[in-house]
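# compute the structure for the input listed below.
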Amino acid sequence: MVEINRNLLGDFSFMSFVAFYMGVILMPFLCVIFCLNLVSILKKIKSNEKTTVNTVWMTISFTVIMWSIAILASYEGA
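Next comes the predicted model:
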């Protein structure tokens with residue numbers, strides 16, 4: 001039997017709750033970090049400087065953004 005009145009957070013697993021929190025609260029900050037690092041990398045490439053630190057931060061922010069979008073998209077209750 002399907003329960004019609006469900007609590008939104010009642011069906012979330014811990015990982016889904018973390019992804020929901022990251023998607024709603026942290027996503028704007030992660031996107032700003034991603035964009036600033038992208039611009040910084042492009043400037044450093046133009047002037048032949050090392051881009052290792054910016055590449056690492058850009059990769060981490062992109063991975064977390066994609067992970068939270070994938071978890072939120074896979075949630076059946078939304």
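
# just the element for L42, please.
According to DSSP states H and E, L42 maps onto helix 27-46.

# could you find the closest non-adjacent residue to L72?
Residue nearest to L72 in three dimensions, not counting chain neighbours: G23, with 5.0 Å by C-beta to C-beta, 6 or more residues apart in numbering. C-beta coordinates here come from the backbone N, C-alpha and C atoms, glycine included.

# which helix of this structure spans the most residues?
Longest helix in the chain, counting residues (DSSP state H): helix 52-74.

# which neighbouring elements make contact with that helix?
Judged by 3 or more C-beta pairs under 8 Å, 6 or more residues apart in numbering; DSSP states H and E, the packing partners of helix 52-74 are helix 14-21, helix 27-46.

# that older thread, contacting residues around the residue nearest to L72?
Neighbour list for G23: S68, I69, I71, L72 [criterion: C-beta atoms under 8 Å, 6 or more residues apart in numbering].

# just the buried ones from those?
The neighbour count (16 or more other C-beta atoms under 10 Å) marks S68, I71, L72 as buried among these.

# wait, doesn't the first one sit right on V24?
Same thing as S68. No. The criterion here is C-beta atoms under 8 Å, and S68 misses it with V24 at 9.2 Å.

# any idea how far S13 lies from I33?
Per C-beta to C-beta, to the nearest Å, S13 is found 26 Å from I33.

# more neighbours: the two, which one.
I33 (18 against 10; other C-beta atoms under 10 Å).

# the more buried one and F14, how far apart?
Per C-beta to C-beta, I33 is found 24 Å from F14.

# also A73?
Distance of A73 to F14, computed by C-beta to C-beta: 18 Å.

# who has more neighbours out of the two?
Neighbours per residue, other C-beta under 10 Å: of A73 and F14, the larger number sits with A73, 10 against 7.

# which pLDDT value goes with that one?
Listed pLDDT for A73 reads 78.

# now do V2
For V2, pLDDT reads 47.
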